[in-house]
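Q: Sequence and predicted structure are below.
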Amino acid sequence: MKAIFLDRDGVVNELVYHEEPGIIDSPFTVAQFKLLPGVAEAIKQFRDMGYTEVIMKRELVDILACPVCKGDLGLNVEDENEREIVSGSLHCLECKVNYPVVDTIPNLLPPKLKDGLRWE
Ligand SMILES: [Zn+2]
């Protein structure tokens, strides 16, 4: 398997200015997650070249850990095709935090601002 591992913040998606803490950081919610220009085209080209870029595969669940407590993650699949999980969620078996999978991209953002978060 050929794979390209893409860094996320500032590479795949935009960094977000958070007014409340006054910092520029990762998006804290799915709504703040915006792909940078050209990313979708680049990912398509990687696929055409035979690379399996970072997408939500079941095997990946064994590698990923909860960013909050490093616990193991469980997987709920809402929609998947033969290659990847399209939508669903990961949930921490230890601290019970949920992480959505949207358009094959697992959104493993630590819930830093609990009051502002609306995890499904
Ligand atoms: Zn956890």
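A: Sure thing, it's come through. These numbers were taken from a predicted model, which means no experiment stands behind them.
Q: Which residues are in contact with Tyr99?
A: 73, 89-92, 106-109, 119 (CB atoms under 8 Å, 6 or more residues apart in numbering). The C-beta positions use only the backbone N, C-alpha and C, and glycine is treated the same way.
Q: what do you get if the cut-off is 7 Å, keeping everything else the same?
A: 89-90, 106-108 (CB atoms under 7 Å, 6 or more residues apart in numbering).
Q: all helices of the protein, in order?
A: In the chain, helices defined by DSSP state H lie at 39-48, 58-63, listed in chain order.
Q: need the helix or strand of this structure with the lowest average pLDDT.
A: In the chain, no helix or strand scores lower on mean pLDDT, DSSP states H and E than helix 58-63, which sits at a mean of 67.
Q: before we move on, the earlier item: next, give me the two most distant ones among the contacts of Tyr99.
A: Farthest-apart pair in those is Ser89 and Leu108; separation 11.0 Å (CB to CB).
Q: Spell out which parts of this protein neighbour the ion.
A: Residues of the chain lying close to the ion by CB under 5 Å from the ion are 66, 68-69, 71, 92, 94-95.
Q: Who's the closest spatial neighbour of Asp9, skipping the chain neighbours?
A: Spatial nearest neighbour of Asp9, excluding adjacent residues (CB to CB, 6 or more residues apart in numbering): Ser26 at 4.8 Å.
Q: residue contacts, Arg83?
A: Contacts for Arg83 (CB under 7 Å, 6+ apart) come out as none.
Q: mind checking pLDDT for it?
A: Arg83 is assigned a pLDDT of 73 by the prediction.
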